[in-house]
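Enquirer: would you be able to build a 3D model of this:
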Amino acid sequence: VQLAESGGGMVQPGGSLRLSCAASGFTFNSDVMSWVRQAPGKGPEWVSTINSGGDRPYYADSVKGRFTISRDNAKNTLYLQMNSLKAEDTALYYCARGAGIAVLTRKTTWGQGTQVTVST
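Expert: Model (predicted):
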């Protein structure tokens, strides 16, 4: 099982980034998928989850209205479109298989992470 994130970078406040997560080694279209982030010195923070079919997204209040999770099951890829970025969005962003406490406690597969830095 492998998850590989990409698309991170440095952006000014108000800017946008699109993260991608390429999945392999499991039946991607059967699994709920999530995005989690971790800022320096802090614990993991759940960002968003999407069901296997891609029609039911869920968001943390901190990103609702600014971030959009989606997936392309034909390409085994998960996405996170991030708009109106704020300094407090700065973190290492991970995609993870599954949802809930199992994800936050790393009992499921995580990728290696991609850094997002929002700064002037």
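
Enquirer: next up, the contacts around Ala87.
Expert: 13, 118-119 (C-beta atoms under 8 Å, 6 or more residues apart in numbering). For glycine as for every other residue, the C-beta is placed from the backbone atoms N, C-alpha and C.

Enquirer: out of those residues, which end up buried?
Expert: Buried positions within these, assessed by neighbour count (16 or more other C-beta atoms under 10 Å), are Val118.

Enquirer: of the contacts of Ala87, which belong to helices?
Expert: Counting by DSSP state H, none of the members of the contacts of Ala87 fall within helices.

Enquirer: and of the contacts of Ala87, the nearest to Ala4?
Expert: Ala4 has its nearest neighbour among the contacts of Ala87 in Val118, at 22.5 Å by C-beta to C-beta.

Enquirer: the closest one and Pro44, how far apart?
Expert: Using C-beta to C-beta, to the nearest Å, Val118 is found at 19 Å from Pro44.

Enquirer: the bottom helix or strand of this structure by mean pLDDT?
Expert: helix 101-104 (a mean of 90; mean pLDDT, DSSP states H and E).

Enquirer: just the CA trace of it, in PDB.
Expert: Output in PDB follows, covering the C-alpha atoms of helix 101-104 (Å, rounded to 0.1, in the frame of the first residue of the first chain):
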ATOM      1  CA  ILE A 101      -9.700   8.300  15.000                       C
ATOM      2  CA  ALA A 102      -7.900   5.500  13.100                       C
ATOM      3  CA  VAL A 103      -6.400   8.100  10.800                       C
ATOM      4  CA  LEU A 104      -5.500  10.600  13.500                       C
END
